[in-house]
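>>> Structure, please.
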Amino acid sequence: MRFAEQWSWCTVESIRDVTPTIREFRLHPESGHIAPYPPGSHIGVTVLIDGQPARRSYSLVENGDPGTYRIAVRLAPDSRGGSRGMWNLRVGARIETSNPTSLVEIDWTRRNYCLIAGGIGITPITGIAAALRRKNIDAILHYAVKSRSDAAFLDELTALLGDRLNVYASDEGARLDLDAAFRAQPNDSIAVISGPMRMLEAARRAWNEAGRAPADLRYETFGSSGLKPTAEFRVRLKDTGTELVVPQNSSMLDALNGAGFEVISDCQRGECGVCAVDVVAIEGEIDHRDVFFSDQQKQDNRKICPCVSRAIGVVTIDTLYRAEAV
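Numbers count the residues shown, from 1 in each chain. Predicted structure coming up:
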């Protein structure tokens with residue numbers, strides 16, 4: 001495992017709405033200590049969904065207060081319920097959190113970075129942008145939103161980046177041209193993108209078509225975003241006669257492990273592929289929400305990452321789990 005999770009308790013110190021649908025939470029560790037963490041890090045939280053504890057992951061926002069964690073949560077009616085649980089929190093509430101971990105590697109030897117954010121994907125980008133500026137590394141940020149009123153932390157980013165910040169509000173007819181954005185970057189640039197699945201896939205295609213090195217495109221993913229609505233579906237286990245229902249507010253991974261069909265996992269964000277299982281049959285459609293598999297692998301539908309990916313209808317899988325003979 002790459003991530004050695006350690007969980008501890010925090011108190012909700014303050015709450016404020018930064019946009020009509022994005023709420024900021026400052027969490028104060030009861031231990032009184034926060035170790036330094038890399039830019040672009042995220043923490044896990046345990047949140048109540050319909051009275052049951054569930055784990056969710058939220059990126060850390062750039063924070064000038066070394067004594068608190070700062071996260072922002074978009075209220076998403078079509079999500080698995082984590083945002084609703086977070087929005088129900090009040091100041092003074094206690095919440096269990098994991099230690100920060102990062103999946104985005106900053107190469108401090110590079111002098112040019114292209115940062116791209118879509119909607120709530122701005123959260124990890126704030127810390128990355130600030131870290132790059134502190135190192136005097138050139139960074140341009142392209143920020144796509146539905147409207148400027150939906151653009152979280154816009155004042156902070158403007159003060160930080162000035163004319164290096166480009167905002168594309170769709171209600172103003174502005175559209176981010178990824179091909180043009182990548183062409184404008186020097187050859188040694190690294191791009192970091194954080195946003196919904198459609199944006200991630202479009203960026204990966206544009207980056208590859210531009211002839212850039214695949215390793216120079218870095219992702220921060222949001223597992224709740226897919227190409228299909230988040231809805232209940234069913235999973236059949238090969239050769240077991242077992243069929244599980246995966247609720248809207250749960251992942252396939254949680255359903256499998258909860259039923260005793262243990263699947264090892266690591267990042268639980270669709271990035272490492274550790275939890276991937278074989279797909280035997282599909283009665284419906286798979287919504288691949290990972291960034292581990294290639295476009296061709298997703299079209300082949302031979303494997304699925306149950307930590308984030310979902311289905312419409314029924315999917316039959318083989319986890320390779322076999323109960324020990326009695």
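>>> separation between residue 69 and residue 185?
32 Å (C-beta to C-beta, to the nearest Å). Just so you know, the C-beta spots here come from the backbone N, C-alpha and C atoms, and that holds for glycine as well.
>>> Looking at those two, which is more packed in?
Using other C-beta atoms under 10 Å, the more surrounded residue of residue 69 and residue 185 is residue 69, with 23 against 18.
>>> Give me the pLDDT for that one.
Listed pLDDT for residue 69 reads 97.
>>> Over to residue 294?
pLDDT, residue 294: 84.
>>> what sits against it?
Taking C-beta atoms under 8 Å, 6 or more residues apart in numbering as the criterion, residue 294 is in contact with no other residue.
>>> try the one 5 residues further on
Listed by C-beta under 8 Å, 6+ apart, residue 299 has no contact partners.
>>> May I see the buried residues of the helix or strand containing it?
In the assignment (DSSP states H and E), residue 299 maps to helix 295-300. Buried residues in helix 295-300, counting neighbours by 16 or more other C-beta atoms under 10 Å, are found at residue 298.
>>> give me the low-pLDDT residue ranges for the stretch 51-200 of the chain?
For the stretch 51-200 of the chain, the stretches with pLDDT under 70 are 78-80.
>>> let's see 80
Under the criterion of pLDDT under 80, the regions of the stretch 51-200 of the chain flagged as low confidence span 77-81, 103.
>>> how about the helices in it?
Under the criterion DSSP state H, counting those that start in this stretch, the stretch 51-200 of the chain carries helices at the ranges 82-87, 122-134, 154-161, 178-183, 197-209.
>>> The third one packs against which elements?
This means helix 154-161. Packing partners of helix 154-161 (3 or more C-beta pairs under 8 Å, 6 or more residues apart in numbering; DSSP states H and E): helix 122-134, strand 138-145, strand 165-169.
>>> please redo it, this time with the cut-off set to 10 Å
Packing contacts for helix 154-161, counted by 3 or more C-beta pairs under 10 Å, 6 or more residues apart in numbering; DSSP states H and E, involve strand 7-19, helix 122-134, strand 138-145, strand 165-169.
>>> Need the ones you listed in a markdown table (columns: distance to residue 313).
Supplementary listing: the helices and strands packed on helix 154-161 in a markdown table, determined by distance: least, C-beta to C-beta, whole Å:
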| stretch | distance to residue 313 |
| --- | --- |
| strand 7-19 | 35 |
| helix 122-134 | 33 |
| strand 138-145 | 32 |
| strand 165-169 | 35 |
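>>> So which of these is nearest residue 95?
For the helices and strands packed on helix 154-161, distance to residue 95 was read as C-beta to C-beta. The smallest value, 5.5 Å, belongs to strand 7-19.
>>> so what's the closest residue to residue 181 other than its chain neighbours up against?
Taking C-beta to C-beta, 6 or more residues apart in numbering, and ignoring the residues beside it in sequence, residue 181 has residue 142 as its nearest neighbour in space, at 5.6 Å. By C-beta atoms under 10 Å, 6 or more residues apart in numbering, the contact list for residue 142 reads 114-118, 125, 165-168, 176-178, 180-181, 191, 193.
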